[in-house]
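Trainee: got a predicted model here, sequence first, then my questions.
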Amino acid sequence: MPIVSKLMSDSRYRLYLEYSSTQNVTANTSTITYNCYVRLVSGKGRWNYDDGKTGSVKSGSETWGSVTNQPFDLDSKTTEPVVSGTKIVTHNADGALSVLLTAACSLTNVLGTISGTVSTTYELPTIPRATTPTLSDESVDMGQSVTISTPRASDSFTHKLKYAFEGASGTIAENVATSHVWTPPLSLASRIPSKASSACVITCETYNGANLIGTKTVQLTLNVPASVVPTVAHVISEGVADVASKVGAYVQSKSRLKVETTAQGVYGSSISTIMTNVENANYSGNDVTTGIIMGSGNVLVKTTATDSRGRSAVVQTTVPILPYAPPKINSASLQRCAPDGTLDPLGTHLKFALKASVSSLIVGTEKNSLRRKLSTKKSTDYSYTEKVNSLESGLTYDSYQVISGYEAEYVFDALMYVEDIFGIALAVGKVPTGKITMHWGDDFIAVGGFREHEGSGFEAKKPAFFDDGLYVKRRKVAYSTDFDMSGNCNDIEDEWRLARGTTALNFPEDSQYFYIHTVIHSSTARKKQVAYKYLSEEIYTRGSYDGTWRPWVKLSEDGHAHTGIASTSVAGDILTFANNAPIGFTPIAINPNTTNIPPGGYNYSSGFISKRASNTAHIYLFNYATGTIAVNTFFGSAWHGWRYDMASYGADSGYEKTSQGTIIQAGKLSYPASTSEVNLVFPLAFPNACIAVVVTPNHGSTTPTWASISATVSALTKSGCKVQMRSTDNNQPSSVGRTVNYIAFGY
């Protein structure tokens, strides 16, 4: 029990006040017990009287207990009680309370009066009021239960539980005693469409009957369950109308997949991305069409929809792809024969033998077919005549056909085709004249076969051997090695000579072997020499036009790879530029100042001029954005306007053959970042030769992005070439992956 004291006016005596309390939690009150007395603390007491004691105990101005003019005795004893008792006090609403206690006493007898006062502030123990709730888990998924404990201070207390979550609120339970199990509804997920979790504040109101005692809160993290994901579905169809109409199924290297996706968020979320993956390529958007499907068998189409919470759902479909390969010619031959097919070197019939096959495309029934064709012409003619066009009953062919009408004295060119419903395979052949020893007339003679050239003259159909040299118009055409360690290159009269210039004069380099090729004009004696270095790839040339030889000029360095012909920028009218261009092949680059170009303007970024003569020319321009090829022809003293012979070649690889026999191939090539070079394989190997390839980088839509990149080609063959794409600033490979559109010309 606490106690306070203080000496009275007579210091032999001390005034004491003792106090304590007990609580009534339900009533929010305390009962304070107090006791005030006087004690002799030193010396001998002489104070007593019948009615001289007066005293009180107060709290503030309120008197809790008092005595007046009561007898006292501090002579025969050492302690004199003054006043004692109990007092019920009501605590504040929060259960806290402090009171100021003051005790006073005066003792009077014949000797006089002594008095004293003592005070203290009594901080009463706080009475528990509002319950502080606790949780069994600090974080739960919506739809899972959590226990809310409410350890009340009094059995008569009850609780009301509420929640507040992202703008939503409600009552969890009422009249809760010590705990409640709550399952946060999954519908609360709609309050956080862009988050996977958030804080929920739970409020506990404590009541004593109908009276609100107090309020406490606790925070609970609510999570959207991992099972709450968006919904996604897709529908797959053929993206190439030609494949759908001809086959009715997906075909390798021909089909594109059209993927239409339907996706929906859940509990308020929205769809942020839809990504479809086919053959390791990603396509973004609801409705996409893939690139050409290159695989066969089962191809997986995987579509992923991601919502605003970052949650994803996946739908996968396996699509069956029919295997397909282009038509194949295993062997093709044309031989002169008799009408019954017996080989005859002087026969006027042709035995057209062919072994070929096409792919099977069965969808219920066979959808593919094999058609063989043969077109021929005399070698001196310009156009071909179709001689065979036969649709075969099967998918393979290994037989021959005899065709009439091929005179023995003529050479015939032939184009042999095998077609299926999608593509074509081509073989080029030549039928020689019939085989005879000699053919002669009044003004011509041919040795080893029929003559092939009109007009007078001599033709040798087989290799000719001249042991003592060949002279043309008294000038020797020979290969000679007798010009070695001495002499003068200026004096060479042979067409070919292998020589070394150790002590000789006017050689490209001293002490090196060269093949010297000398060409002399018969009437003017003007000369041209080309020197090929014997042990390396270096080439020199020079000429003599007025009796004086010019210095040797080196045309190539050993080990040097030619990467392409530089383009010429066209400023002003492109038609005027083409009129003034030199005869031959001129690559060109278009700039914003170029006029008279096709609709689409600067998108036609590059091309070339092919000029046969001053009155015959073609301009080819390539649109880097669409792949369209625009062509303008100059013939008969006028340009005949732009036409578009091959549209959007960048969308797919392909080829076509003109009526003159020229084959044009075009397509698109992927070029990975930081790659020195990539191999370009043509859709079809040119039967004879590839004349030229033009490549156009597809760099983007802004000038700074593409202006500093160039694309060149090297190692050109009938079946392909190498493509190098480099920065013109530092000659380094492009640091960004791009695509390259190309067009190739050949026959």
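Mentor: Cool, the structure landed.
Trainee: what's the domain layout of the protein?
Mentor: The record assigns the chain these domain ranges, following automatic domain parsing: 3-124, 134-223, 233-322, 328-431, 435-462, 470-556, 561-647, 653-747.
Trainee: any chance of those in a markdown table, plus mean pLDDT and mean neighbour count?
Mentor: C-betas here are computed from N, CA, C, even on glycine. Output for those, formatted as a markdown table (pLDDT from 0 to 100; neighbours: other Cβ atoms under 10 Å):
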| stretch | mean pLDDT | mean neighbour count |
| --- | --- | --- |
| domain 3-124 | 92 | 17 |
| domain 134-223 | 96 | 16 |
| domain 233-322 | 96 | 17 |
| domain 328-431 | 95 | 16 |
| domain 435-462 | 73 | 14 |
| domain 470-556 | 71 | 15 |
| domain 561-647 | 77 | 16 |
| domain 653-747 | 77 | 16 |
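Trainee: now Ser312, nearest residue through space, not along the chain?
Mentor: Thr306 (4.6 Å; Cβ to Cβ, 6 or more residues apart in numbering).
Trainee: contact partners for the residue in the chain sticking out farthest from the centre?
Mentor: Using Cα atoms, centre = their mean, the residue of the chain lying farthest from its centre is Val110. It sits 113.4 Å away. Val110 sits next to Tyr49 when contact means Cβ atoms under 8 Å, 6 or more residues apart in numbering.
Trainee: kindly report the same for the one 4 residues further on.
Mentor: If a contact means Cβ under 8 Å, 6+ apart, then Ile114 has Met8, Ser9, Asp10, Tyr13, Trp47, Ser106, Leu107 as its contacts.
Trainee: can you lay out those residues as JSON lines showing distance to Ala173 and secondary structure?
Mentor: Rendered in JSON lines, the data for these read as follows (distance: Cβ to Cβ, whole Å; DSSP: H, G, I helix; E, B strand; the rest coil):
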{"residue": "Met8", "distance to Ala173": "61", "secondary structure": "coil"}
{"residue": "Ser9", "distance to Ala173": "65", "secondary structure": "coil"}
{"residue": "Asp10", "distance to Ala173": "67", "secondary structure": "coil"}
{"residue": "Tyr13", "distance to Ala173": "63", "secondary structure": "strand"}
{"residue": "Trp47", "distance to Ala173": "68", "secondary structure": "coil"}
{"residue": "Ser106", "distance to Ala173": "61", "secondary structure": "strand"}
{"residue": "Leu107", "distance to Ala173": "64", "secondary structure": "strand"}
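Trainee: so which of those is the closest to Asn698?
Mentor: Met8 (109.5 Å; Cβ to Cβ).
Trainee: re earlier: which elements pack onto the helix or strand harbouring the residue nearest to Ser312?
Mentor: Following DSSP states H and E, one finds Thr306 within strand 297-307. With contacts defined as 3 or more Cβ pairs under 8 Å, 6 or more residues apart in numbering; DSSP states H and E, the packing partners of strand 297-307 are strand 231-238, strand 257-264, strand 271-278, strand 312-322.
Trainee: measure the residue farthest from the centre of the chain to Ser390 for me?
Mentor: Distance from Val110 to Ser390, counting by Cβ to Cβ, to the nearest Å: 160 Å.
Trainee: against which helices or strands is the strand or helix carrying Thr633 packed?
Mentor: Using DSSP H and E, Thr633 sits within strand 629-635. Packing contacts for strand 629-635, counted by 3+ Cβ pairs under 8 Å, 6+ apart, involve helix 574-580, strand 616-623, strand 643-646.
Trainee: one more time with 10 Å, if that's ok
Mentor: Applying 3 or more Cβ pairs under 10 Å, 6 or more residues apart in numbering; DSSP states H and E, one finds that strand 629-635 contacts helix 574-580, strand 604-613, strand 616-623, strand 643-646.
Trainee: check which helix or strand covers Glu537.
Mentor: Remark: Glu537 resides in no helix or strand, with elements defined by DSSP H and E.
Trainee: quick check, it in contact with Lys554.
Mentor: No - using Cβ atoms under 10 Å, Glu537 is not in contact with Lys554; the gap is 11.3 Å.
Trainee: for Ser119, find the nearest of the helices and strands packed on strand 297-307.
Mentor: Across those, Ser119 has its closest neighbour in strand 271-278 (72.5 Å, Cβ to Cβ).
Trainee: what's the closest one packed up against?
Mentor: Looks like strand 271-278 contacts strand 231-238, strand 257-264, strand 281-284, strand 287-289, strand 297-307, strand 312-322 (3+ Cβ pairs under 10 Å, 6+ apart).
Trainee: nearest to Val695, out of these?
Mentor: Nearest to Val695, of all these, is strand 281-284, at 22.3 Å by Cβ to Cβ.
Trainee: sheet partners, orientation included, of that closest one?
Mentor: strand 271-278 (antiparallel) (DSSP bridges).
Trainee: can you map out the helices along this protein?
Mentor: Remark: helices assigned in the chain by DSSP state H are 241-246, 574-580, 703-706.
Trainee: would TSV of those helices with distance to Glu459 be doable?
Mentor: Output for the helices of the chain, formatted as TSV (distance: least, Cβ to Cβ, whole Å):
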stretch	distance to Glu459
helix 241-246	50
helix 574-580	40
helix 703-706	55
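Trainee: show the contacting residues for Cys721.
Mentor: 677, 679-682, 690, 693, 695, 712-715, 742, 744 (Cβ atoms under 10 Å, 6 or more residues apart in numbering).
Trainee: can you tell me which of those is closest to Gly295?
Mentor: Set against Gly295, the nearest of these by Cβ to Cβ is Val681 (17.7 Å).
Trainee: so that closest one sits right up against Leu669, yeah?
Mentor: Yes - between Val681 and Leu669 there is a contact under Cβ under 10 Å: 9.0 Å.
Trainee: show me the strands in the stretch 301-450 of the chain, by range?
Mentor: Taking DSSP state E, counting those that start in this stretch as the criterion, the stretch 301-450 of the chain carries its strands at 312-322, 328-337, 349-357, 362-363, 365-366, 371-378, 385-391, 396-404, 412-419, 424-431, 438-440, 444-447.
Trainee: one step back: give me the distance from the strand holding Thr306 to the chain's centre.
Mentor: The chain centroid and the centroid of strand 297-307 are separated by 16 Å under Cα atoms, centre = their mean, to the nearest Å.
Trainee: ok, stretch 154-167 next?
Mentor: Worked out by Cα atoms, centre = their mean, stretch 154-167 lies 53 Å from the chain centre.
Trainee: repeat for stretch 29-39
Mentor: For stretch 29-39, the distance to the chain centre is 86 Å (Cα atoms, centre = their mean).
Trainee: can you check stretch 144-151 too?
Mentor: Distance of stretch 144-151 from the chain centroid (Cα atoms, centre = their mean) equals 49 Å.
Trainee: contacts for it?
Mentor: By Cβ under 10 Å, 6+ apart, the residues outside stretch 144-151 that reach it are 128, 131-140, 157-161, 163, 172-173, 176-184, 186, 200, 202, 204, 206, 216, 218, 220, 222-223, 225.
Trainee: quick one, what contacts Thr342?
Mentor: Thr342 is in contact with His349, Lys351, Val402, counting by Cβ under 10 Å, 6+ apart.
Trainee: out of those residues, who's nearest Gln724?
Mentor: Gln724 lies nearest to Lys351 out of these, by Cβ to Cβ, at 46.6 Å.
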